[in-house]
Structures are given as structure tokens and as C-alpha cells.
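Engineer: output the structure for:
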Amino acid sequence: PRNRYLIPTSRQMRALVVETRGPTPSRPSQPLATMLVNGEPTVCLLELDENYLRIVGEHSPPMADLYYYFHWEHMSASELAPAKLQGVPTSWRRLRLVFHESSSIVLCGTPSAMRRLRSEALTAGATPLQGERPSNGTP
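Structural biologist: Sure thing, here's the model as predicted:
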């Protein structure tokens with residue numbers, strides 16, 4: 001799976017969605033939890049656009065991913081932290097993204113992918129998430 005799913009492209013990467021909270025910002029009646037398969041961590045495709053992050057669930061009906069657009073300027077990004085998730089390499093990191101202060105997702109992936117995602121978010125207008133414990137300098 002690593003060779004199939006984790007090879008990055010210029011605008012795309014795959015990551016595990018490991019936690020969701022709150023409604024989908026573009027469709028408040030739909031909880032973000034619909035990204036997860038049976039409530040378990042789920043591999044999703046991330047598309048990093050100039051103005052937004054799009055998350056495509058490979059398990060989703062074709063139209064469902066239209067709701068998973070998150071504008072960079074309406075999100076906050078945490079510091080990177082150890083993944084601490086059973087079954088993934090200990091080097092992997094997690095990143096919490098908060099949308100409109102009412103919804104959030106936690107993504108998990110390789111250190112380089114999570115650094116790239118956080119950097120892209122902050123460069124494109126996201127704010128650093130306040131109140132998160134720093135990652136003690138470890139990427």
C-alpha cells in the first residue's frame with residue numbers, strides 16, 4: 001500500500017483521516033464523520049489547491065467529495081505531533097485542521113507530507129492553531 005498510496009504529486013497526496021468533529025462547513029447538515037469508513041482511520045486523497053484543500057474519500061459516493069472543500073483562510077493548523085496510532089510507523093506525524101472554529105479533522109501521514117500540508121495551509125492563509133502543545137521541534 002505504501003508504494004500505491006503514499007507517493008506524492010505536485011498537488012496531491014494521500015493521508016489517513018483519523019478523527020473528525022463537527023459538521024462539514026459547506027454542508028452543516030452533514031457531519032465530517034462521513035469521511036471515515038465505519039468510524040475507523042481512512043485513507044483519503046488530499047488536493048492542495050491555491051485557495052482550498054479538497055479531501056476525496058476513496059470510499060465515498062462520487063458526489064460526496066463535493067462537500068469536502070476547506071478554504072485555507074477559514075482554517076487553523078496545529079503543530080505537528082507524533083501520530084501515536086497503532087499500526088502506523090512511529091515516524092508518522094498528525095496534524096489537526098480546524099474549520100470556522102466549529103469543526104476539525106486530524107490527518108496522519110509521513111513527516112514530509114504533514115509538513116508540506118501544514119506549510120501549504122499557513123502560506124495560503126490558514127492561521128496557526130492556538131493552544132496546541134508544540135511538537136518539541138521534531139517534525
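Engineer: output the below-cut-off pLDDT ranges for this structure.
Structural biologist: Applying pLDDT under 70 to the chain flags the ranges 1-10, 58-66, 131-139.
Engineer: show me where it has helices.
Structural biologist: Assigned by DSSP state H, the chain shows helices spanning 2-5, 111-123.
Engineer: please identify the most buried of those helices.
Structural biologist: Comparing the helices of the chain by mean neighbour count (mean count of other C-beta atoms under 10 Å), helix 111-123 ranks first with a mean of 17. To be clear about C-beta, it is placed using only N, CA and C from the backbone, and glycine gets the same treatment.
Engineer: which other helices and strands does that one contact?
Structural biologist: Where contact means 3 or more C-beta pairs under 8 Å, 6 or more residues apart in numbering; DSSP states H and E, helix 111-123 is packed against strand 12-21, strand 42-48, strand 75-77, strand 93-99, strand 103-109.
Engineer: beta-bridge partners for the residue nearest in space to the middle of the chain, please?
Structural biologist: For the chain, residue 107 is the residue whose C-alpha lies nearest the centre (C-alpha atoms, centre = their mean; 4.0 Å). Judged by DSSP bridges, the bridge partners of residue 107 are residue 17, residue 95.
Engineer: that one against residue 16, yeah?
Structural biologist: Yes - if you go by C-beta atoms under 8 Å, residue 107 and residue 16 touch, sitting 6.7 Å apart.
Engineer: related to what we said a few turns ago, of all the helices of the chain, which one is nearest residue 27?
Structural biologist: Minimum separation from residue 27 across the helices of the chain (C-beta to C-beta) falls at helix 111-123, 21.2 Å.
Engineer: now what about that closest one, what contacts it?
Structural biologist: 6, 8, 13, 15, 46, 48, 53, 72, 75, 77, 80, 91-95, 97, 107-109, 128, 139 (C-beta atoms under 8 Å, 6 or more residues apart in numbering).
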